[in-house]
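Chemist: Need a 3D model of the sequence below.
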Amino acid sequence: MMQALKEWAVVCKALEQGRQVVLLRKGGILEYRQGFEVKHDKFLMFPTYEHQSKDHLQPDYADEIENVLADNPPGGTNRLTSYAKVIDVKETSDRSLLQKLARFHIWNESYVNARMDYNAKKPMSVILLRVFKLDTPIHVDVREEWAGCKSWIPLDIDAAGAQPALDDIQFERVAAEVREVLSIAA
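Modeler: Numbering: from 1, shown residues only. Purely as a prediction, here's the structure:
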């Protein structure tokens with residue numbers, strides 16, 4: 001059984017394309033008190049279609065949201081197309097460090113700052129991920145208990161057959177750059 005992490009569909013696409021390799025998380029409204037917690041080292045990506053906006057994305061990726069919204073699965077269902085492995089996690093409240101990570105994600109500076117301001121006493125979790133695109137998408141019926149602003153949902157599914165978004169050499173190069181910014185030893 002794998003857990004799934006709810007994330008904007010446009011971010012899931014960027015992760016699958018290798019355009020994004022880090023997630024910046026604080027937690028949803030239902031996680032306000034404790035903040036976001038990395039509870040699993042491997043999880044399916046559960047694309048969501050609420051709250052995402054072109055206004056929150058870097059200019060080079062903003063137009064991609066139209067394609068993502070056009071590919072939204074029929075109501076009451078979802079299509080999972082990737083899973084991720086957590087490589088490193090670092091918590092930070094340093095906005096200048098987050099600015100240095102801009103080339104590793106698709107959010108614009110304004111949105112990152114807004115996320116930092118939300119639950120300001122909690123640090124931002126910077127999560128370096130290795131993402132794998134599934135050979136065959138997993139189709140699920142969405143359950144009522146998965147609704148709302150929470151990060152993790154339980155799924156009675158296991159992922160098999162996947163290709164890495166970035167090959168080993170590409171990923172190690174990018175991971176080394178992220179670790180350098182975050183000052184994490186490999």
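Chemist: For the rest of this, base every contact and every neighbour count on C-alpha atoms.
Modeler: OK.
Chemist: where in the protein is pLDDT low?
Modeler: When residues are selected by pLDDT under 70, those of the chain lie in 1, 27-36, 185-186.
Chemist: At which residues are the strands of it located?
Modeler: Counting by DSSP state E, residue ranges of the strands within the chain are 2-8, 22-25, 42-48, 77-92, 124-141, 152-155, 162-164.
Chemist: who are the neighbours of the fifth one, in terms of helices and strands?
Modeler: Using 3 or more Cα pairs under 8 Å, 6 or more residues apart in numbering; DSSP states H and E as the contact criterion, the secondary-structure elements in contact with strand 124-141 are helix 9-17, strand 22-25, strand 77-92, strand 162-164, helix 168-182.
Chemist: Which residue would you name as the spatial centre of this protein?
Modeler: Residue closest to the average C-alpha location in the chain (Cα atoms, centre = their mean): residue 23, at 4.7 Å.
Chemist: I figured that residue hits residue 130, correct?
Modeler: No. With contact defined as Cα atoms under 8 Å, residue 23 does not count as touching residue 130 (11.0 Å).
Chemist: shouldn't residue 136 be in contact with residue 163?
Modeler: No. Counting by Cα under 8 Å, residue 136 does not reach residue 163; the two are 10.6 Å apart.
Chemist: about what we covered before: out of the helices and strands packed on strand 124-141, which is closest to residue 105?
Modeler: strand 22-25 (6.0 Å; Cα to Cα).
Chemist: Distance from the chain centre to the closest one, please.
Modeler: The gap between the average C-alpha position of strand 22-25 and the chain average comes to 6 Å, counting by Cα atoms, centre = their mean, to the nearest Å.
Chemist: Check what contacts that strand and list those residues.
Modeler: Strand 22-25 is contacted from outside by 36, 104, 105, 124, 125, 126, 127, 128, 129, using Cα atoms under 8 Å, 6 or more residues apart in numbering.
Chemist: among those residues, who's most crowded?
Modeler: Neighbours were tallied for each of the contacts of strand 22-25 (criterion: other Cα atoms under 10 Å), and the maximum of 27 neighbours falls on residue 124.
Chemist: residues contacting it?
Modeler: Taking Cα under 8 Å, 6+ apart as the definition of contact, the neighbours of residue 124 are 24, 25, 26, 91, 92, 93, 116.
Chemist: How many residues are close by the last one?
Modeler: Summarising burial for residue 116: neighbours were counted as other Cα under 10 Å, giving 22.
Chemist: With residue 134 as the reference, measure out to the closest residue to it other than its chain neighbours.
Modeler: Of all residues beyond its chain neighbours, the one nearest residue 116 is residue 124 (6.6 Å), with distances taken as Cα to Cα, 6 or more residues apart in numbering. According to Cα to Cα, to the nearest Å, residue 124 and residue 134 sit 28 Å apart.
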